[in-house]
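**Q** Kindly generate the corresponding structure for this input.
(one chain, ligands or ions: 1)
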Amino acid sequence: MVTTPIDRLIAGFKGFRATYYEQRPERFQALIERGQSPQVMIIACSDSRADPAILTNAEPGELFIVRNVANLVPPYEPDGHYHGTSAAIEFGVKGLGVRHVVVLGHSGCGGVRRLVQGVHEDGPHADEFVGTWMTIANQACKRGHDADEDAVGRGAVAISLANLHSFPWVRDALLAGRLELHGWWFDLANGTLWRYDETLDDFQPMG
Ligand SMILES: [Zn+2]
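**A** As a prediction, the model looks like this:
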């Protein structure tokens, strides 16, 4: 029997339903009745290998997540344009009152590679959106054959943390002690998680 990727996911959903609706229905019932109140927001990459809920073994209700290309936070720009990531940050910080925001990067990021290698400007594969989006991380970028793309990716996490400070209500929450920011970076090659150390302005492996 041929199994399509969609069949695989539908079968996976049956497993989810068995766990959360049949074996432990009280947990989901509480989430429905009281609503969500996650303590942690994660800003992660869209990369299929770096799903924050899978990486952290999280339960439904634990994480408020926004994912985009290269887990970038744009600067605060209240200009009336469409800002999906900024809207999610507003929802998480102002609406839900999350206590922690984690920016989660990862090794081998395709968005970072595109930034390092330069945008393809012509032809049918020309970027319409990715190139412009990735300029958020321009300051972290060292181009050329000897560029360490993972170092650029970690630098992009630090830029996103700095950009979070440009949102006035993030700054207010930080000053009031209601919010903490964290920069993490997942190394796919050896399964380690790195943490940004603000005083060192560098990343260290955790544990
Ligand atoms: Zn990525």
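
**Q** Point out the residues in this protein that sit beside the ion.
**A** 45, 47, 109 (CB under 5 Å from the ion). All C-beta spots, glycine's among them, are computed from the backbone N, C-alpha and C.

**Q** so of those, which ones are in helices?
**A** Using DSSP state H, no member of the residues of the chain next to the ion sits in helices.

**Q** Strands of the chain, residue ranges please.
**A** For the chain, the strands defined by DSSP state E cover 40-45, 63-68, 100-106, 180-187, 192-197, 202-205.

**Q** of all these, which lies closest to residue 24?
**A** Nearest of the strands of the chain to residue 24, taken as CB to CB: strand 63-68 at 17.8 Å.

**Q** hmm, who's touching that closest one?
**A** Residues from elsewhere that reach strand 63-68, judged by CB atoms under 8 Å, 6 or more residues apart in numbering: 36, 38, 40-46, 52-53, 56, 84-85, 88-89, 91-92, 96, 98, 133.

**Q** if we can go back for a sec, same list, the strands of the chain, but as a markdown table with mean pLDDT please.
**A** Output for these, formatted as a markdown table (pLDDT from 0 to 100):
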| stretch | mean pLDDT |
| --- | --- |
| strand 40-45 | 98 |
| strand 63-68 | 98 |
| strand 100-106 | 98 |
| strand 180-187 | 98 |
| strand 192-197 | 97 |
| strand 202-205 | 95 |
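
**Q** ok, of the residues of the chain next to the ion, which come out buried?
**A** For the residues of the chain next to the ion, a burial check counting by 16 or more other CB atoms under 10 Å picks out 45, 47, 109.

**Q** Closest to residue 5 out of those residues?
**A** Of all those, the one with the least separation from residue 5 (CB to CB) is residue 47, at 16.9 Å.

**Q** what about that closest one, distance to residue 202?
**A** Distance, residue 47 to residue 202, by CB to CB, to the nearest Å: 23 Å.

**Q** The most centrally placed residue in the chain: what's it in contact with?
**A** By CA atoms, centre = their mean, the chain has its centre lying nearest to residue 44, at 1.4 Å. Listed by CB under 8 Å, 6+ apart, the contact set of residue 44 reads 50-52, 65-67, 71, 104.

**Q** partner residues bridging it?
**A** Beta-bridge partners for residue 44, by DSSP bridges, are residue 67, residue 104.

**Q** Please parse this structure into its domains.
**A** Using automatic domain parsing, the domain parsing of the chain gives 1-35, 36-205.

**Q** thinking again about what came up before, distance of the residue nearest to the centre of the chain from residue 111?
**A** Counting by CB to CB - residue 44 and residue 111 are separated by 12 Å.

**Q** residue ranges of the helices in this protein, please?
**A** With DSSP H as the criterion, the chain has helices spanning 5-17, 25-34, 52-55, 84-90, 110-117, 130-134, 149-164, 168-175.

**Q** now the fourth one: how far from the chain's centre is it?
**A** Here the centre of mass of C-alpha atoms in helix 84-90, compared against the chain's by CA atoms, centre = their mean, to the nearest Å, lies 12 Å away.
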